[in-house]
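Visitor: no sequence on hand, only this structure:
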């Protein structure tokens, strides 16, 4: 069952506090859609847009509940419908917009379809325009003006047009209906706030938000999503907010047909189970795709756009790393150096040793540093510091001399064969390390250098051939990691898109890149490339 505030009483005249339900109005609203709207794409193109039971219940609640003191006024001023991709959201949004233009009995309706940018606005408008042109009755009543993305009533006044978040001209409108399509794509809250406050002088207003789950938990959609969940828990506190959320939950088996239906109420109609299973198989082969599947097809809010690392697999590699036993053994290092005042990470990767029967497992040690003032201002960093997972450097900014001495100390304990560094940000420090006898190797941060070790890290994790000791700071980095992919399928860590810091994983990829390069021959080391 979905999370929902929808109530559809069995009898007309049912009362809920200040509100009364009128089944005649509800049934008329449901009947309007197949009378005027036809599907414009997909398996059902050309057929009447007959609402599915889950859609019909939402529409019945929306139009059937009225104020007892004035039954011309609808109870619900806002609606939120969150459902997975492929369940007809955009078509529903366009249909609701057209109904708001000619089917709600408003004398001079003004309907706005809101989208994230001009391209998305064009998609929203296209659905509405094609729906008008597909039906003779709508063609008689409405005129489509493609050049300005507008639909107008031929008799009287009334417009339906789309606005994007790029349009500050939203100020000045007082729309009777606002249809937000894919609210999760809004880059900020500006358009939402402008439109949400624009209906204060409008009688019988409605703002309907139809969306799939997102990943940005600082967005307006996440804020509304949280409010929607609160409304489901306590509907009486949100009497004018109509909510339905179809989504999988923690612990659900996404291969279970019941879970598929739970997140996809149109399963078997506009989206097929076989198509979902193909997406699941793709995610099994490429774990980086799993987040997209969960968000788009199971309507689960994820922590980033495309999380690279499956954390269940990562946690399975948390075996203990014996730092004492590793002393004197050859290793490869990767250094991700903070330039101003944030996290610096050094990863040491110890290739498997045949003599020690390592079963092909790579041991990993990491060290993290941050300026003491940075730690003082960050609660998470303070926790890592207290647990001995993060070391402080003096002052407000990254102290390169301090980190250099720390690396020298590590090099006296572990045999660093090579240290990989970002040639753009650690040139001076690398020279100083080299002068002290540490072999340094510049390591680019683009696809050319980072793709192979990033993929290799994934392979080692999935094969249980890496052991990282469960370091919580490194785990945090792994959980944050988002990768960028080019058309050729190469990948690299994307610091800008990642949820937060990923420095430890970047350093680890660099170290793995050198440990598995196959162009360094060290006795006692078995490399993947050998």
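Guide: Okay, I see it. These figures come from a predicted structure and were not determined experimentally.

Visitor: all the helices of the stretch 151-300 of the chain, residue numbers only.
Guide: Using DSSP state H, counting those that start in this stretch, the helices found in the stretch 151-300 of the chain span residues 190-196, 220-233, 257-263, 273-285, 290-298.

Visitor: point out where the stretch 151-300 of the chain drops to low pLDDT.
Guide: Along the stretch 151-300 of the chain, segments meeting pLDDT under 70 span 166-170, 285-288.

Visitor: what's the neighbour count on the spatially closest residue to residue 87 that is not a sequence neighbour?
Guide: Counting by CB to CB, 6 or more residues apart in numbering, residue 87 lies nearest to residue 266, which is 4.2 Å off, once chain neighbours are set aside. Using the backbone N, CA and C atoms, a C-beta is placed for each residue, glycine as well. Residue 266 has 19 neighbours, counted by other CB atoms under 10 Å.

Visitor: before we move on, what about residue 4?
Guide: Counted with other CB under 10 Å, residue 4 comes out at 20.

Visitor: ok, which stretches of the stretch 301-450 of the chain are strands?
Guide: Under the criterion DSSP state E, counting those that start in this stretch, the stretch 301-450 of the chain carries strands at the ranges 330-336, 344-350, 362-371, 391-393, 415-421, 440-442.

Visitor: got those as JSON lines, with mean pLDDT, distance to residue 505 and mean neighbour count columns?
Guide: Formatted as JSON lines, the strands of the stretch 301-450 of the chain follow (pLDDT from 0 to 100; distance: least, CB to CB, whole Å; neighbours: other CB atoms under 10 Å):
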{"stretch": "strand 330-336", "mean pLDDT": "95", "distance to residue 505": "9", "mean neighbour count": "27"}
{"stretch": "strand 344-350", "mean pLDDT": "96", "distance to residue 505": "8", "mean neighbour count": "27"}
{"stretch": "strand 362-371", "mean pLDDT": "96", "distance to residue 505": "10", "mean neighbour count": "24"}
{"stretch": "strand 391-393", "mean pLDDT": "94", "distance to residue 505": "18", "mean neighbour count": "19"}
{"stretch": "strand 415-421", "mean pLDDT": "94", "distance to residue 505": "14", "mean neighbour count": "23"}
{"stretch": "strand 440-442", "mean pLDDT": "92", "distance to residue 505": "19", "mean neighbour count": "18"}
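
Visitor: got the ones you listed as TSV, with distance to residue 508 columns?
Guide: Formatted as TSV, those follow (distance: least, CB to CB, whole Å):
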stretch	distance to residue 508
strand 330-336	6
strand 344-350	4
strand 362-371	6
strand 391-393	17
strand 415-421	11
strand 440-442	15
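
Visitor: show me the helices in the stretch 401-530 of the chain, by range?
Guide: 427-435, 447-462, 472-480, 503-515.

Visitor: what's the closest of those to residue 243?
Guide: In terms of CB to CB, the element of these nearest to residue 243 is helix 472-480, at 29.3 Å.

Visitor: now do the closest one: everything it contacts.
Guide: For helix 472-480, the external contacting residues (CB atoms under 8 Å, 6 or more residues apart in numbering) are 303-304, 307, 309, 311, 314-315, 345, 364, 366, 368, 380, 384, 387, 389-390, 468, 498-505, 508.

Visitor: and the buried ones among these, selectable in PyMOL?
Guide: The PyMOL command for the buried members of the contacts of helix 472-480 (criterion: 16 or more other CB atoms under 10 Å) is given here:
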select buried, resi 303+304+307+309+314+345+364+366+368+384+389+390+468+498+499+501+502+503+504+505+508
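
Visitor: can you list the domains in this structure?
Guide: As assigned by automatic domain parsing, the chain contains the domains 3-245, 257-302, 313-515.

Visitor: gap between the two ends of the last one?
Guide: With CA to CA, to the nearest Å applied, domain 313-515 spans 22 Å between its terminal residues.

Visitor: before we move on, back to that, for residue 252, which of the strands of the stretch 301-450 of the chain is the nearest?
Guide: Here strand 362-371 is closest among the strands of the stretch 301-450 of the chain (CB to CB), at 32.3 Å.

Visitor: okay, the angle between that closest one and strand 330-336?
Guide: Counting by axes from the mean of the first three to the mean of the last three CA atoms, to 10 degrees, strand 362-371 lies at 40 degrees to strand 330-336.

Visitor: list the contacts for the closest residue to residue 102 other than its chain neighbours?
Guide: Closest residue in space to residue 102, ignoring its immediate chain neighbours: residue 141 at 5.7 Å, by CB to CB, 6+ apart. Neighbouring residues of residue 141 by CB under 8 Å, 6+ apart: 102, 153, 154, 155.

Visitor: and the spatially most central residue of the chain, how far is that from residue 335?
Guide: Centroid-nearest residue in the chain, with CA atoms, centre = their mean: residue 215, separated by 2.4 Å. Distance of residue 215 to residue 335, given as CB to CB, to the nearest Å: 30 Å.

Visitor: one more: residue 277?
Guide: 43 Å.

Visitor: and residue 75, by the same measure?
Guide: Distance, residue 75 to residue 335, by CB to CB: 61 Å.

Visitor: about what we covered before: lowest-confidence stretch among the helices of the stretch 401-530 of the chain?
Guide: Among these, helix 427-435 carries the lowest mean pLDDT, at a mean of 84.

Visitor: picking that back up, which among the helices of the stretch 401-530 of the chain is found nearest to residue 6?
Guide: Taking the helices of the stretch 401-530 of the chain one by one with CB to CB, helix 472-480 is closest: 35.2 Å.

Visitor: got the angle for that closest one vs strand 362-371?
Guide: 100 degrees.

Visitor: chain center to helix 472-480: distance?
Guide: 18 Å (CA atoms, centre = their mean, to the nearest Å).

Visitor: about what we covered before: make JSON lines from the domains of the chain and add distance to residue 251 to it.
Guide: Below are these laid out as JSON lines (distance: least, CB to CB, whole Å):
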{"stretch": "domain 3-245", "distance to residue 251": "16"}
{"stretch": "domain 257-302", "distance to residue 251": "10"}
{"stretch": "domain 313-515", "distance to residue 251": "16"}
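
Visitor: residue 372: which of the helices of the stretch 151-300 of the chain is closest?
Guide: Proximity to residue 372 (CB to CB) singles out helix 220-233 among the helices of the stretch 151-300 of the chain, at 33.1 Å.

Visitor: which elements pack onto the closest one?
Guide: For helix 220-233, the packing partners by 3 or more CB pairs under 8 Å, 6 or more residues apart in numbering; DSSP states H and E come out as strand 3-4, strand 78-82, strand 241-245.

Visitor: would you turn those strands into CSV with distance to residue 117?
Guide: What follows is the helices and strands packed on helix 220-233, written out as CSV (distance: least, CB to CB, whole Å):
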stretch, distance to residue 117
strand 3-4, 29
strand 78-82, 21
strand 241-245, 25
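
Visitor: deepest-packed of those strands, please.
Guide: Each of the helices and strands packed on helix 220-233 was scored by mean neighbour count; the highest is strand 78-82, a mean of 25, by mean count of other CB atoms under 10 Å.

Visitor: packing partners for that one?
Guide: Strand 78-82 packs on helix 53-64, strand 206-211, helix 220-233, strand 241-245, going by 3+ CB pairs under 8 Å, 6+ apart.

Visitor: let me have the ones you listed in a markdown table, adding distance to residue 176 as columns.
Guide: Formatted as a markdown table, the helices and strands packed on strand 78-82 follow (distance: least, CB to CB, whole Å):
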| stretch | distance to residue 176 |
| --- | --- |
| helix 53-64 | 14 |
| strand 206-211 | 8 |
| helix 220-233 | 20 |
| strand 241-245 | 17 |
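
Visitor: to residue 452, which of those lies closest?
Guide: Ranking the helices and strands packed on strand 78-82 by proximity to residue 452 (CB to CB) places helix 220-233 first, at 35.4 Å.
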